[in-house]
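Undergrad: Please work out how this folds:
(one chain, ligands or ions: 1)
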Amino acid sequence: MKVAVVGATGLVGTKMLQVLAERNFPVTELVPVASERSVGKEVEFKGKKYKVVSMADGIAAKPAVAIFSAGGSTSLEWAPKFAEAGIRVIDNSSAWRMDPTKKLVVPEVNASVLTGNDYIIANPNCSTIQMVVALQPLHARYKIKRVVVSTYQSVTGTGKKAVDQLFNERKGVKGDMAYKYQIDLNVIPQIDVFLDNGYTKEEMKMVNETKKIMQDDSIRVTATTVRIPVVGGHSESVNVEFENDFDLNEVQQLLSAAPGVIVENNDAELLYPMPLNAHERDEVFVGRLRRDETQPKTLNMWIVSDNLRKGAATNAVQIAEYLLSKSIL
Ligand code: 2RA
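TA: Coordinates of the predicted model:
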């Protein structure tokens, strides 16, 4: 199958190529696509070198599927052109996520909403993906009323410039700043731009995308999203209030049996999820399971996942795998 990766030279695009290769997605020919300034550069896929082509040439190559990670405005302009040419688009930007005509998919949660009519499919925000993978099995059993989440997000979520900023600061070297403030030895309580309600766009993504993916508008979510000087993955402290009471052992069993989840929850052995251990893994790690002792039917948990993998590339490739399994691709 001919597969295009749009934004192939970026941090997420590079991870897409790695994940496609690792999961043995049946790529017969790769079409790496990027902005004009990257055209002609080479990317490597399964030991073979491929030349990066322009958007127009990417469409002309007629791939079956194009996995986009090229930013919102590129996606708004080009995804419909790929779709009109009969190419299935899986888009990693925020451009289409809340469009009611587009599906927003985390395969472990709602792959079944996909049909042959879907030509532009949205990949959710990284911090939302890992949270809903862990929440879904608990929602199915106890019904979630309200979620209070605080995130601890890796600089890789911003891109290469932010990773460079962190390591330059660590070495004492002056360079371009991805953030307004120093990130090394610091914590920045702002991810993406501020909105009129005082929340950031990242925080509202967690609120709105969670309801859409879990197909339940009654779930109330409030979020504080924070950047920390880490490169391995995003972490989340999540407080969940349920309609029905739960048993902690059963919570652990449900999570252990849930697809894509690994439970690391053993106080005696000091076992809990950490971004260093989640790095380069595809699963969502859950631990620190305990009752909120201040109110009934409420659970505290800690969720960690590699934001470039399950939070972006792996989720997109899993969507493509699902389409393939249903003969939509
Ligand atoms: C971040 N959620 O971590 C973004 C990336 N999509 O900044």
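Undergrad: Contact residues of the protein facing the ligand?
TA: 125-127, 153, 157-158, 191, 202, 307 (CB under 6 Å from any ligand atom). For glycine as for every other residue, the C-beta is placed from the backbone atoms N, C-alpha and C.
Undergrad: Now, of those, which are buried?
TA: 125-127, 153, 157-158, 191, 202, 307 (16 or more other CB atoms under 10 Å).
Undergrad: ok, the residues of the chain next to the ligand vs the ligand, which is closest?
TA: Closest approach between these and the ligand, by CB to the nearest ligand atom: Gly157, at 2.0 Å.
Undergrad: gap between Val39 and the ligand?
TA: 25 Å (CB to the nearest ligand atom, to the nearest Å).
Undergrad: Pull up the gap between that residue and Asp57, please.
TA: Counting by CB to CB, to the nearest Å, the gap from Val39 to Asp57 is 8 Å.
Undergrad: domains of the protein?
TA: 2-124+312-325, 127-307 (automatic domain parsing).
Undergrad: Just put those domains in a markdown table and tack on mean pLDDT.
TA: Converted to a markdown table, these look like this (pLDDT from 0 to 100):
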| stretch | mean pLDDT |
| --- | --- |
| domain 2-124+312-325 | 97 |
| domain 127-307 | 98 |
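Undergrad: which among the residues of the chain next to the ligand gets closest to Asn208?
TA: Asn125 (9.7 Å; CB to CB).
Undergrad: which residue ranges form the helices in the stretch 1-150 of the chain?
TA: 11-22, 55-60, 72-84, 107-110, 126-142 (DSSP state H, counting those that start in this stretch).
Undergrad: Can you show me the CA trace of the fourth one as PDB?
TA: Translated: helix 107-110. Taking C-alpha atoms only, helix 107-110 is exported to PDB below (Å, rounded to 0.1, in the frame of the first residue of the first chain):
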ATOM      1  CA  PRO A 107      -9.000   3.000  18.600                       C
ATOM      2  CA  GLU A 108      -9.200   1.500  22.100                       C
ATOM      3  CA  VAL A 109     -12.200   3.700  22.900                       C
ATOM      4  CA  ASN A 110     -14.200   4.500  19.800                       C
END
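Undergrad: picking that back up, could you say which of the helices of the stretch 1-150 of the chain is packed most deeply?
TA: helix 126-142 (a mean of 24; mean count of other CB atoms under 10 Å).
Undergrad: Which elements pack onto that helix?
TA: With contacts taken as 3 or more CB pairs under 8 Å, 6 or more residues apart in numbering; DSSP states H and E, helix 126-142 sits against helix 107-110, strand 144-152, helix 201-214, strand 234-242, helix 248-257, strand 261-263, strand 284-291, strand 298-305.
Undergrad: right, and the helix or strand after the shortest one?
TA: Counting by DSSP states H and E, the next helix or strand C-terminal to strand 261-263 is helix 275-278.
Undergrad: Which neighbouring elements make contact with that next one?
TA: Using 3+ CB pairs under 8 Å, 6+ apart, helix 275-278 is in contact with strand 298-305.
Undergrad: Other residues contacting the following helix or strand past the strand it packs on?
TA: On the C-terminal side of strand 298-305, the nearest following helix or strand under DSSP H and E is helix 314-325. For helix 314-325, the external contacting residues (CB atoms under 8 Å, 6 or more residues apart in numbering) are 1, 3, 16, 19-20, 23, 25-26, 65, 67, 69, 88, 90, 92, 105-107, 111, 114, 121, 123-124, 129, 282, 329.
Undergrad: Now go through these and say which are in strands.
TA: Secondary structure from DSSP state E places 3, 65, 67, 88, 90, 121 of those in strands.
Undergrad: can you give me how far stretch 125-135 is from the chain middle?
TA: In this view, stretch 125-135 has its centroid 7 Å away from the chain centroid, taken as CA atoms, centre = their mean, to the nearest Å.
Undergrad: go on, stretch 158-169?
TA: 19 Å.
Undergrad: Likewise for stretch 294-311?
TA: For stretch 294-311, the distance to the chain centre is 14 Å (CA atoms, centre = their mean).
Undergrad: got it, and stretch 82-100?
TA: Using CA atoms, centre = their mean, the offset of stretch 82-100 from its chain centre is 16 Å.
Undergrad: What's the end-to-end length of that stretch?
TA: 20 Å (CA to CA, to the nearest Å).
Undergrad: again with stretch 260-272
TA: Where stretch 260-272 begins and where it ends lie 17 Å apart, using CA to CA.
Undergrad: Identify the residues contacting that stretch?
TA: Residues contacting stretch 260-272 (CB under 8 Å, 6+ apart): 108, 133-134, 137, 252, 255-256, 273, 277, 282-289, 302, 310.
Undergrad: ok, 6 Å please
TA: 108, 133, 252, 255-256, 273, 283-289 (CB atoms under 6 Å, 6 or more residues apart in numbering).
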